[in-house]
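Engineer: This is the structure alone, sequence omitted:
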């Protein structure tokens, strides 16, 4: 079971994002504050869970959390400020949207920038170590996966309902056949360089 907190008796918000490696769509972040005594053996890094488990935990986390929030940084913002800073932006927005002000942030990863004046720790692979970060990863992933499935109805042929925007073979075949959509990140390389050069 994942650790409930880094330090006891303080309000910690776990933060994580999803979608950094996708070719299209927003980057989505979540922030979650769990009760001090919260324990759930099924909560883990969202990538290690089945889709049905993530969806079940999505509702469980929202019901159990003291506070939770989901936020985005748009495709346009990703192209303007780069994907790393857009990820920071989405996480900051998620924290700002919480209905409680946390005393401390637990950030998944090794870097973070903020103007929130809230102390934080960056924890590499934190979504496999702390329940609040794992909970944030689950909320962000379920929300973004559902968002991309909705986008797939408007832009069929790219397989977003399955690949959620990651650079799979089907996605790249869709780009070659159909071209780019307004949801594709212009600052990203969408095809391998050999295909870009027509080789």
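Structural biologist: Cool, the structure landed. These figures come from a predicted structure and were not determined experimentally.

Engineer: which residues does residue 82 contact?
Structural biologist: Under the criterion of CB atoms under 8 Å, 6 or more residues apart in numbering, the neighbours of residue 82 are residue 187. Quick note: C-beta positions are derived from backbone N, CA and C, even for glycine.

Engineer: Against residue 154, how distant is residue 138?
Structural biologist: Counting by CB to CB, to the nearest Å, the gap from residue 138 to residue 154 is 26 Å.

Engineer: buried stuff in the lengthiest helix in the chain?
Structural biologist: Counting residues, the longest helix in the chain under DSSP state H turns out to be helix 131-154. With burial defined by 16 or more other CB atoms under 10 Å, the residues of helix 131-154 counted as buried are 131-145, 147-148, 151-152.

Engineer: Stretch 10-26 too?
Structural biologist: Those would be 11-19, 22-26, for stretch 10-26 by 16+ other CB under 10 Å.

Engineer: Let me know the secondary structure of the closest residue to residue 140 other than its chain neighbours.
Structural biologist: What sits nearest to residue 140 in space, not counting adjacent residues and going by CB to CB, 6 or more residues apart in numbering, is residue 30, at 4.0 Å. Following DSSP: H, G, I helix; E, B strand; the rest coil, the label given to residue 30 is strand.

Engineer: So what sits opposite residue 30 in the bridge?
Structural biologist: With DSSP bridges as the criterion, residue 30 is bridged to residue 16, residue 70.

Engineer: Could you measure from it over to residue 89?
Structural biologist: Distance of residue 30 to residue 89, given as CB to CB: 14 Å.

Engineer: more crowded one of these two?
Structural biologist: Ranked by neighbour count (other CB atoms under 10 Å), residue 30 and residue 89 place residue 30 first, with 32 against 22.

Engineer: what's near enough to touch that one?
Structural biologist: Residues near residue 30 by CB under 8 Å, 6+ apart: 15-17, 68-71, 94, 135-140, 143.

Engineer: Need the per-residue pLDDT for it.
Structural biologist: pLDDT, residue 30: 98.

Engineer: ok, and the closest non-adjacent residue to residue 120?
Structural biologist: residue 105 (3.7 Å).

Engineer: so the one you found bridges to which residues?
Structural biologist: residue 13, residue 120.

Engineer: looking at it, it is touching residue 118, isn't it?
Structural biologist: Yes. In this structure, residue 105 is within contact of residue 118 by CB atoms under 8 Å, at 5.6 Å.

Engineer: quick one: common contacting residues for the two?
Structural biologist: Common contacts of residue 105 and residue 118 (CB under 8 Å, 6+ apart): residue 95.

Engineer: In terms of neighbours, single out the busier of those two.
Structural biologist: Of the pair residue 105 and residue 118, residue 105 is the one with more neighbours under other CB under 10 Å, namely 23 against 14.

Engineer: residues contacting the more buried one?
Structural biologist: If you count contacts by CB under 8 Å, 6+ apart, then residue 105 has 12-15, 31, 95, 112, 114, 116, 118-121 around it.

Engineer: run the last query once more with 10 Å
Structural biologist: 12-15, 31, 91-92, 95, 112, 114, 116, 118-122, 132-133 (CB atoms under 10 Å, 6 or more residues apart in numbering).
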